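K.L.:
Provided below are the primary sequence and the corresponding predicted coordinates.
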Amino acid sequence: MILTGCQTPLKSNALDQSIEELPITSVPDIPDLDGDGVLDDIDECLETSKHKVVDVKGCTVVIEGGEALEMEFSGFFHL
């Protein structure tokens, strides 16, 4: 396999950055006060409790199926 088209500049600014700098994060102008992942301007159920499955309107979804339901979580944590 040949990797073409990827070159690093002779002088990189990445080496000049401090490790202690915090990453820049984006905060939306519209809040999500109930923490369900749906912004408040389109959330039709504003008091959904955290850790609930919600639809695109922010309302709790009832999932039937028992053992047929599988979920996977992948988390990345800064050490």
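P.N.:
Nice, I can see it. Numbers count the residues shown, from 1 in each chain.
K.L.:
any low-confidence regions in this protein?
P.N.:
1-20, 65-70 (pLDDT under 70).
K.L.:
could you pull out the strands for it?
P.N.:
Per DSSP state E, the chain carries no strands over any range.
K.L.:
and the helices in it?
P.N.:
Ranges of helices within the chain: none, based on DSSP state H.
K.L.:
D55 touches V62, doesn't it?
P.N.:
No - D55 is beyond contact range of V62, at 10.4 Å (criterion: C-beta atoms under 8 Å). (Each C-beta comes from the backbone N, C-alpha and C, glycine too.)
K.L.:
who's more crowded, the two?
P.N.:
Taking other C-beta atoms under 10 Å, D55 and V62 do not tie; D55 has more neighbours (12 against 5).
K.L.:
mind listing what that one touches?
P.N.:
D55 makes contact with V61, according to C-beta atoms under 8 Å, 6 or more residues apart in numbering.
K.L.:
from E44, how far out is it?
P.N.:
9 Å (C-beta to C-beta, to the nearest Å).
K.L.:
now G58
P.N.:
In terms of C-beta to C-beta, G58 sits 6 Å off from E44.
K.L.:
got it, and P23?
P.N.:
33 Å.
K.L.:
those two - which one has more neighbours?
P.N.:
Counted by other C-beta under 10 Å, P23 and E44 do not tie: E44 has more neighbours, with 12 against 5.
K.L.:
not counting its neighbours along the chain, what's nearest the more buried one?
P.N.:
K57 (4.4 Å; C-beta to C-beta, 6 or more residues apart in numbering).
K.L.:
quick check: the one you found touching L46?
P.N.:
No - in this structure, K57 is not within contact of L46 by C-beta under 8 Å, at 10.8 Å.
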